[in-house]
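In: Curious how this folds, go ahead:
(one chain, ligands or ions: 1)
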Amino acid sequence: MNNEQPINTDSPKDWHQETQVSWNTNASIWDTKMGDDGNDFHRLLVRPATEKLLGVKVGDRILDIGCGNGIFSRRLASLGAKVVGIDFSKQLINCAIGRTQAPDAIAYHVIDATDETALLELGENSFDAAISAMVLMDMAEIAPLFRALTKLLKPQGCFVFSVMHPCFNNPHITMVAEETESNGEIQTCCSIKVPKYLQPTITYGLALRNQPKPHPYFHRPLHLLLGEAFRVGFVLDGLEEPAFPSDYPDNYLLSWGGNFSEIPPVLVGRLKLLAA
Ligand SMILES: C[S@@+](CC[C@H](N)C(=O)[O-])C[C@H]1O[C@@H](n2cnc3c(N)ncnc32)[C@H](O)[C@@H]1O
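Out: Below is the predicted model of the structure:
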């Protein structure tokens, strides 16, 4: 892609607005595609790995950051949690409210997760856990969120995040299919070519093939992504790298599916605060 820029060339505020406009523009198609329960990417990869690390208990108060149309908020509520779902897209919050049948268990708010002050108004020391499902790589700045989480979470609380895997599913990769003939049989081998990883970049891309407006992706290599969390006192104590099973039917030869069963498109991590 040629549209790449180094991260932080413009003021972060410009990128916040650009990202917010994109998500509001794409809200309707995102809502239709994800429906009540999410697509296979969510159901097979993001959800099981997140739930494994989260270990939801009945009565837990959980913050769902970048809740979109509320897929995970509803899921957590169905597991007995009291959920606060926040997103900076008013359109997506409206979709979430429209799809939620048990409004008592979930409170939705339009909040920008880069706004530390607004986040803290949700209540210091009031959450047993927080999640963000496939959100951090959509955020122009993540330091304010990590700072706010150190105060929003109870002392034993955890933050479980999922992102596009920065090593194998960053905006610079190329999906490759090679055919070889062995003993008279054609074999296809799919792999990922990674020409760039270390440089943090902003690149326009698509979360869905038919979304009307490409949105900015903020690629951060692992040491920068996790470094922001480590800097404010979090430690990483759980990690999952889910991939599609090899028998998963691929929609396209070169799309995330069974052809890439050895390569995880998603990274899911659990962060906890170091005891004071
Ligand atoms: C890929 S979607 C994931 C939505 C949802 N978590 C899910 O799993 O279906 C990314 C979401 O993050 C939200 N988002 C991105 N940047 C945000 C920010 N700074 N503050 C709040 N929400 C944000 C977008 O509006 C969008 O709903």
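In: Show the end-to-end separation of stretch 134-154, please.
Out: Between the opening and closing residues of stretch 134-154 there is a gap of 23 Å (Cα to Cα, to the nearest Å).
In: Is it in proximity to the ligand?
Out: Yes. Counting by Cβ under 6 Å from any ligand atom, contacts between stretch 134-154 and the ligand involve 134-135, 138-139. For every residue, glycine as well, the C-beta is placed using N, CA and C.
In: cool, stretch 109-117 as well?
Out: Yes. Using Cβ under 6 Å from any ligand atom, stretch 109-117 comes into contact with the ligand via 112-114.
In: which of the residues in that stretch are buried?
Out: 111-116 (16 or more other Cβ atoms under 10 Å).
In: ok, of the residues you listed, which one's closest to the ligand?
Out: Distance to the ligand, by Cβ to the nearest ligand atom, is smallest for Ala113 among the buried residues of stretch 109-117, at 3.4 Å.
In: That closest one should be in a helix, yeah?
Out: No. Residue assignment for Ala113, taken from DSSP: H, G, I helix; E, B strand; the rest coil, gives coil, which places it outside any helix.
In: Arrange the buried residues of stretch 109-117 in a markdown table, one row each, with pLDDT and distance to Gly238 as further columns.
Out: Shown next, in a markdown table, are those (pLDDT from 0 to 100; distance: Cβ to Cβ, whole Å):
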| residue | pLDDT | distance to Gly238 |
| --- | --- | --- |
| Ile111 | 98 | 26 |
| Asp112 | 97 | 27 |
| Ala113 | 98 | 21 |
| Thr114 | 96 | 25 |
| Asp115 | 96 | 28 |
| Glu116 | 98 | 25 |
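In: Residue numbers of the protein in contact with the ligand?
Out: Residues of the chain lying near the ligand by Cβ under 6 Å from any ligand atom: 19, 23, 34, 42, 66-68, 71-72, 87-89, 92, 112-114, 133-135, 138-139, 207.
In: So which of the residues you listed belong to helices?
Out: Using DSSP state H to define helices, the subset of the residues of the chain next to the ligand located there is 19, 23, 34, 71-72, 92.
In: Could you pull out the buried residues of the one helix or strand Ala49 maps to?
Out: Counting by DSSP states H and E, the element that carries Ala49 is helix 47-54. Residues of helix 47-54 classed as buried: 47, 49-51, 53-54 (neighbour count, 16+ other Cβ under 10 Å).
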